[in-house]
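Novice: sequence plus predicted model, see below.
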Amino acid sequence: MRLLALLSAWTIVLATSPALAADAVKNPLLAPWTGPYGGVPAFDKVRVEDFKPALEAAMAEQLREVDRIARNRRPPTFDNTLLALERSGHTFERVNAYFGIWQSTMNVGPFQTVEQEMTPRLAAFNDKIYQNAALFKRVAAVYDSPDKKNLSPEQQRLAWKYYDDFVHAGAKLAPPEKARVAAINERLATLFTTFTQNLLADESDYVLYLKSDAELAGLPGSVRDAAAAAAEERGHKGEWAILNTRSAVEPFLTYSDRRDLREKVWRTFISRGDNNDAHDNKKIIPEILALRAERAKVLGYPTHAHYRLDDEMAKTPENAMRVMMQVWKPAVARVHEEVADMQAIADQEHAGIKIAPWDYRYYMEKVRKAKYDLDMNEVKPYLQLDKLREGMFWAAGQLYGFQFVEVHGLPTVTPDVRVFEVKGADGHRVGLWYFDPYARTGKQSGAWMNEYRAQERVAGDITPIVSNNTNFVKVKPGEPLLVSWNDAVTLFHEFGHALHGLNSNVTYPTLAGTNVARDFVEFPSQLNEHWLSTPEVLSRFAVHYQTGKPMPAELVAKIEKAKTFNQGFDTVEYLAGAIVDMKLHLAGAGPIDPDAFEKKTLAEIGMPAEIVMRHRTPQFAHIFADDGYSAGYYSYLWSAVLDEDAWNAFEEAGGPYDKAVAKRLHDDIMAVGNTVDPAQAYRNFRGRDPQVEALLRARGFAPAKTN
Ligand SMILES: [Zn+2]
């Protein structure tokens, strides 16, 4: 009933303005979503030429709404300020949802021009809202009011969230300081673009052309074919091109028998952005770091790392560093063991070498075969995309009581997209799940979850619409689509994000579903990966595409046994970058020489000589292509600590499908979105703070010694 009370207390009704209603007739992107399931996106009505006018009209509408809230003559209250903000901007959200879907999955032709023009304008639009001084005054008044204690916990959390977002954007500053922050942001945006373009240039300009069969030694047919096609595309028909990108370099380093060429390819790859030429990123990085340090000082923080972590679960750089170092030491110890295994094989083969960084992936494969007798190509016939999808549904049914029913006839971006209605155990509508499985031109590579509409109860009982997107190569009708084990894990991962959105049960959309801290958001997704390898899922859904027989127990056992294989390499390669990222952003405003800093930091922490950072500083796009993961690359490890510790809660109880633990996971984590502080949410679920030991065990590391 609290909801009804809130709605009836609502005074400023932000109904669609008459002008906009007229626009919506001409421009379908502006129209409310209609049809079943509380309305669905009208993908069949999207025309690229409508994006610009729709975004312009929607931004203008939201700015008018915000302005009206800011100018309200009545004293600020939760309802006339925060609730009003929650109710504003729905037109913009809908148009922006279409825009995001086109950016990530339909990015071809004239759309790219629209994107180039509109992206900076969307950024400026955001600044305009956060720099509205009158609006911030009202937000702060609600947050600081003694009446705040009379609000519900969720309302108090919302008040904090708005206040915190405004303050983080510099709303508290005096006008000259605000102007300085805006100028810094503008300069940073330019530097980020230059950084990205330099990296792209080095990835496309440096190509190694192989000319003879001898140079292809060891490469499997699929790698040779891809290299031949890449060469032909570049006018080198009859040769083989090894491109300077991760997807080309890693297979080459894994399979090439030619150690001289492995070294050459490796050196070129790790030198991206670091070639002392026109595309060198070392010239840009010091300025980015100095500007970030200055901005943090202006905003009242000692360093950029402190600024960025202030509203994350980790809270302080020290907390993040402590967890990283707890994992770092045992991971390095494991690397020394992995290298010893590889060196033993090299010695047996009389290779006469000492394992170097360009040997790691190559000898790693030899160890996998020798130690685990596991050929990943043996696993693939049991992994059919359709069956795996049913397996994900089944596990979600066991854990959350969900049922999935395919829906036909709803508009989709391509006919290949499938839509499922998600129902609760009692049959009520939970939401919709869109699945866009196949690669196509204009679709971003990789896999991800996208939320088309957040769950909320402010504008009625709004159910979420979420999507999963992958890049499988489409097969002919009637043929099974087989995926790799890694792809199957990714499928469950992205579905975990979708379940986080679908399980949301909150009032305010700002706090719904996956709108949580950056170092918490990968927790539900990484956790969901675990259910793939449960015997319950494998025996029912990992069935051979020809015989229909489930994966043999001995193959399941081999996969299980090889789980900790190469975890030393994976962890150290990643963590070295996360540590350097954090230290760069703790270093303050003094001039920083990126290469010297990286070298010194790695020496201090005892980086194994056989491994290089996954992203060296001059090519570290996560932290220099935008602010996103700056001082935040640690987030993946932070979430992994949570997911392994949470998985242990199931194992300590009745197993992966323990009803009581599943209910706590739902009630305390999956349903609450950002209405509860993440550290508290985890404590509510687990009865204690997360412990790192489960992760160390899962990766096969000896636990760190405590003294
Ligand atoms: Zn994820």
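Specialist: Everything's here; your move. Numbering: from 1, shown residues only.

Novice: am I right that residue 615 is in a helix?
Specialist: No - applying DSSP: H, G, I helix; E, B strand; the rest coil, one finds residue 615 to be coil, outside a helix.

Novice: so for stretch 262-271, what gets flagged as buried?
Specialist: Using 16 or more other CB atoms under 10 Å as the test for burial, stretch 262-271 gives 262, 265, 266, 268, 269, 270, 271. Where you see a C-beta, it was placed from the backbone N, CA and C, and this is true even at glycine.

Novice: contacts for it?
Specialist: 202, 206, 208, 242, 244, 246, 249, 252-253, 256, 356-359, 362, 612, 616, 619 (CB atoms under 8 Å, 6 or more residues apart in numbering).

Novice: same thing but 10 Å
Specialist: 202-203, 206-208, 218, 242-246, 248-250, 252-256, 258, 275, 280, 356-362, 612-613, 615-616, 618-619 (CB atoms under 10 Å, 6 or more residues apart in numbering).

Novice: now, of these, which are buried?
Specialist: By 16+ other CB under 10 Å, those give 202-203, 206-208, 242-245, 248-249, 252-256, 258, 275, 280, 357-362, 612-613, 615-616, 618-619 as buried.

Novice: closest residue of the stretch 401-550 of the chain to the ion?
Specialist: Nearest to the ion in the stretch 401-550 of the chain, going by CB to the ion, is residue 525, at a distance of 4.1 Å.

Novice: can you report phi and psi for that residue?
Specialist: Main-chain dihedrals, residue 525, degrees, to the nearest 10: phi -70, psi -50.

Novice: over to the one 5 residues further on?
Specialist: Dihedral angles phi and psi of residue 530 (degrees, to the nearest 10) take the values phi -60, psi -30.

Novice: give me the neighbour count for the closest residue to it other than its chain neighbours.
Specialist: Nearest non-adjacent residue to residue 530, counting by CB to CB, 6 or more residues apart in numbering: residue 647, 5.0 Å away. Residues near residue 647, counting by other CB atoms under 10 Å, number 20.

Novice: helices or strands next to the helix or strand where residue 647 lies in the packing?
Specialist: If you go by DSSP states H and E, residue 647 is part of helix 635-652. Applying 3 or more CB pairs under 10 Å, 6 or more residues apart in numbering; DSSP states H and E, one finds that helix 635-652 makes contact with helix 317-348, helix 522-529, helix 567-584, helix 659-665, helix 678-686, helix 693-698.

Novice: the ion: which of the buried residues of stretch 262-271 is nearest?
Specialist: Using CB to the ion, the buried residues of stretch 262-271 come closest to the ion at residue 269, 24.9 Å.

Novice: helix, strand, or coil at the closest one?
Specialist: Quick answer, by three-state DSSP: residue 269 is helix.

Novice: again with residue 209
Specialist: Classification of residue 209 by three-state DSSP places it in strand.

Novice: how about it, nearest residue that isn't a chain neighbour?
Specialist: Spatially, and ignoring its direct neighbours in sequence, residue 209 is nearest to residue 239 (4.7 Å; CB to CB, 6+ apart).

Novice: I figured the one you found was touching residue 231, is that so?
Specialist: Yes - under the criterion of CB atoms under 10 Å, residue 239 makes contact with residue 231 at 4.4 Å.

Novice: give me the common contacts of the two.
Specialist: 209, 210, 211.

Novice: need the residues you listed in TSV with distance to residue 31, neighbour count and pLDDT, can you?
Specialist: Converted to TSV, the shared contacts of residue 239 and residue 231 look like this (distance: CB to CB, whole Å; neighbours: other CB atoms under 10 Å; pLDDT from 0 to 100):
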residue	distance to residue 31	neighbour count	pLDDT
209	53	14	97
210	55	22	97
211	58	12	97
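
Novice: now those residues in TSV, with distance to residue 177?
Specialist: TSV is the format used below for those (distance: CB to CB, whole Å):
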residue	distance to residue 177
209	54
210	56
211	60
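
Novice: can you tell me how far the residue in the stretch 251-400 of the chain that the ion sits nearest to sits from residue 403?
Specialist: In the stretch 251-400 of the chain, the residue that lies nearest the ion is residue 392 (14.7 Å; CB to the ion). Plainly put, residue 392 is 13 Å away from residue 403 if you go by CB to CB, to the nearest Å.

Novice: more neighbours, the two?
Specialist: residue 392 (25 against 15).

Novice: need the pLDDT of whatever residue of the stretch 51-200 of the chain ends up closest to the ion.
Specialist: Closest residue of the stretch 51-200 of the chain to the ion, CB to the ion: residue 104 (14.4 Å). In this prediction, residue 104 carries a pLDDT score of 86.

Novice: how about residue 18?
Specialist: Predicted confidence (pLDDT) for residue 18: 43.

Novice: same thing with residue 11?
Specialist: At residue 11, the model reports a pLDDT of 25.

Novice: ok, now which ones touch residue 140?
Specialist: Contacts of residue 140 by CB under 10 Å, 6+ apart are 76, 81, 159, 162, 163, 166, 167, 171, 172.

Novice: er, residue 397 actually
Specialist: 403, 404, 425.

Novice: quick check: phi and psi at the residue nearest to the last one when sequence neighbours are not counted.
Specialist: Pointing back at residue 425 there. With sequence-adjacent residues excluded and distances taken as CB to CB, 6+ apart, residue 425 is closest to residue 401, at 3.4 Å. Per-residue torsions, residue 401: phi 70, psi 20 (degrees, to the nearest 10).

Novice: read off the pLDDT value for the closest residue to residue 71 other than its chain neighbours.
Specialist: Nearest residue to residue 71 in three dimensions, chain neighbours excluded: residue 134, at 6.7 Å (CB to CB, 6+ apart). As predicted, residue 134 sits at a pLDDT of 96.

Novice: thought residue 134 was touching residue 67?
Specialist: Yes - contact criterion CB under 10 Å: residue 134 and residue 67 qualify, at 8.5 Å.

Novice: what is the mean pLDDT for the strand ranked longest in the chain?
Specialist: Using DSSP state E, we find that the single longest strand of the chain is strand 429-438. Mean per-residue pLDDT for strand 429-438: 97.

Novice: give me every residue in the stretch 501-650 of the chain lying close to the ion.
Specialist: Listed as neighbours of the ion in the stretch 501-650 of the chain under the rule CB under 5 Å from the ion: 522, 525.

Novice: contact partners for the residue lying closest to residue 660 once chain neighbours are set aside?
Specialist: Counting by CB to CB, 6+ apart, the nearest residue to residue 660 once its immediate chain neighbours are dropped is residue 653, at 6.5 Å. When contacts are counted by CB under 10 Å, 6+ apart, residue 653 touches 659, 660, 661, 662, 664.

Novice: how close does residue 653 sit to residue 662?
Specialist: 9 Å.

Novice: same question for residue 311.
Specialist: Distance of residue 311 to residue 662, given as CB to CB: 29 Å.

Novice: the two: who's more crowded?
Specialist: residue 662 (19 against 15).

Novice: which strands and helices lie in contact with the helix or strand hosting residue 367?
Specialist: In this assignment (DSSP H and E), residue 367 forms part of helix 360-367. The contact analysis (3+ CB pairs under 10 Å, 6+ apart) places helix 360-367 against helix 246-255, helix 259-270, helix 317-348, helix 567-584.

Novice: any idea which of the ones you listed scores lowest on pLDDT?
Specialist: Comparing mean pLDDT across the helices and strands packed on helix 360-367, the weakest is helix 246-255, with a mean of 88.
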